[in-house]
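A.B. asks: My questions concern the predicted model and sequence given below.
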Amino acid sequence: MKAARWHQAKDIRVEDVPEPEAGPGQVKIKVAWTGICGSDLHEYIAGPIFVPVKAPHPLSHDIAPITMGHEFSGVVDSVGEGVTKVQPGDRVVVEPIYACGECYACRHGIYNACEKLGFHGLSGGGGGFAPFTVVGERWVHKMPEGLSFEQGALVEPSAVAVHAVRVSMMKVGGKAAVFGAGPIGLLLVEALRAAGASEIYVVELSPQRAQKARDLGATLVIDPTKDDAVAKIRELTTDGVDVSFEVTGVSSVLQQCIDVTRIEGQTVIVSIWEKAASFQPNTVVLTERNLKGTIAYRDIFPAVMELMVKGYFPADKLVTKRIALDDIVAEGFETLVKEKSHIKILVKPGE
């Protein structure tokens, strides 16, 4: 079968690989749609970040080149010995986590912070940019009736946003700012609406992404090339927002995220960073503000799908392009690098 494999930065190739089979405790999935994630784009532009290159990943036991793709939906094709959670024909999504189950984080239920954390399709395992993939039974979730496969491919990135809001200080009626209206930033707008935020301010350069944020219910979208975003938001909120979310990975933006919060407010860092960032610690110390990091998600996929059934995270507003696997580099990765108007590009790995 064909698969899109990461060899090194700027070098993703569609090539033939053996079709996988489900072993004991595993589920073989026929992939329907797979989204190109911001993390995939980071690997393409500046990787390796999560891709193992010097030694095999301790849990997947794979080393580059690896098949990419971790935002996907599909149908159970077959199951291995001992699998009882799903059966062939079930419509499913995959929580693409590798966790050891033994470290402090795993023992305390915080498996997304596992010291050996990896992601199926980033750290090995044979990802969703292929017609078939195999994952452990634990990580497979049945899709509710009425949820399309396209919508299913958005569960993973939506879970990132929902988890970020869940672990933040945001309360019903609170005020929030989102810096960056890429896919995760837009999904954060949706998650904040679901959480009952009364005001959601978005800071974004791209006119197309700014309009998407408005369509999804942002209170106000600010172009930082035209207005001082921090001053504008502080003026409108009087004291600053309760929580800001950093979703750009740009060093100068981190300080703005801190400055826009109220005394004892919180900045949640959602981005995966390609290089170090700096900020003035006194802006945290002298106002007793809080910094919070968040990675991926935990125990949240079923809740995200129920929100989708209620109309949140709509694929028709977020998916901007659909492509075939053979076109994944030119029409997928390169398009996302050059055209900031795109939100989510979905790949169909096979027929």
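C.D. replies: Happy to help now that I have it.
A.B. asks: what separates residue 246 from residue 180, distance-wise?
C.D. replies: As judged by CB to CB, to the nearest Å, residue 246 and residue 180 stand 7 Å apart. Every C-beta, even on glycine, is put in place using the N, C-alpha and C of the backbone.
A.B. asks: no no, residue 221
C.D. replies: Distance, residue 221 to residue 180, using CB to CB: 11 Å.
A.B. asks: So if I had to pick from the two, which one is more boxed in?
C.D. replies: More crowded of residue 221 and residue 180, by other CB atoms under 10 Å: residue 180, with 27 against 20.
A.B. asks: separation between the residue in the chain sticking out farthest from the centre and residue 263?
C.D. replies: Residue farthest from the centre of the chain, counting by CA atoms, centre = their mean, is residue 286 at 32.9 Å. Here the criterion is CB to CB. By it, residue 286 lies 9 Å from residue 263.
A.B. asks: now residue 298
C.D. replies: With the distance defined as CB to CB, residue 298 ends up 30 Å from residue 263.
A.B. asks: Which one of those two is surrounded by more residues?
C.D. replies: Taking other CB under 10 Å, residue 298 and residue 263 do not tie; residue 298 has more neighbours (20 against 10).
A.B. asks: Which other helices and strands does the helix or strand hosting residue 14 contact?
C.D. replies: If you go by DSSP states H and E, residue 14 is part of strand 11-16. Judged by 3 or more CB pairs under 8 Å, 6 or more residues apart in numbering; DSSP states H and E, strand 11-16 is in contact with strand 2-8.
A.B. asks: Now residue 342: which helix or strand?
C.D. replies: Residue-wise, residue 342 maps onto no helix or strand under DSSP H and E.
A.B. asks: In contact with the closest residue to it other than its chain neighbours, which residues?
C.D. replies: The shortest distance from residue 342 to any non-neighbouring residue, by CB to CB, 6 or more residues apart in numbering, is to residue 320 (4.7 Å). Going by CB atoms under 8 Å, 6 or more residues apart in numbering, residue 320 touches 341-345.
A.B. asks: so where's this protein uncertain?
C.D. replies: Where the chain drops to pLDDT under 70, the residues are 351.
A.B. asks: which stretches of the stretch 101-250 of the chain form strands?
C.D. replies: All strands of the stretch 101-250 of the chain, identified by DSSP state E, counting those that start in this stretch, fall at 118-119, 132-136, 140-142, 175-179, 199-203, 220-222, 241-246.
A.B. asks: Can you redo these as a markdown table, where the extra columns are distance to residue 267?
C.D. replies: Converted to a markdown table, those look like this (distance: least, CB to CB, whole Å):
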| stretch | distance to residue 267 |
| --- | --- |
| strand 118-119 | 25 |
| strand 132-136 | 34 |
| strand 140-142 | 31 |
| strand 175-179 | 9 |
| strand 199-203 | 13 |
| strand 220-222 | 17 |
| strand 241-246 | 5 |
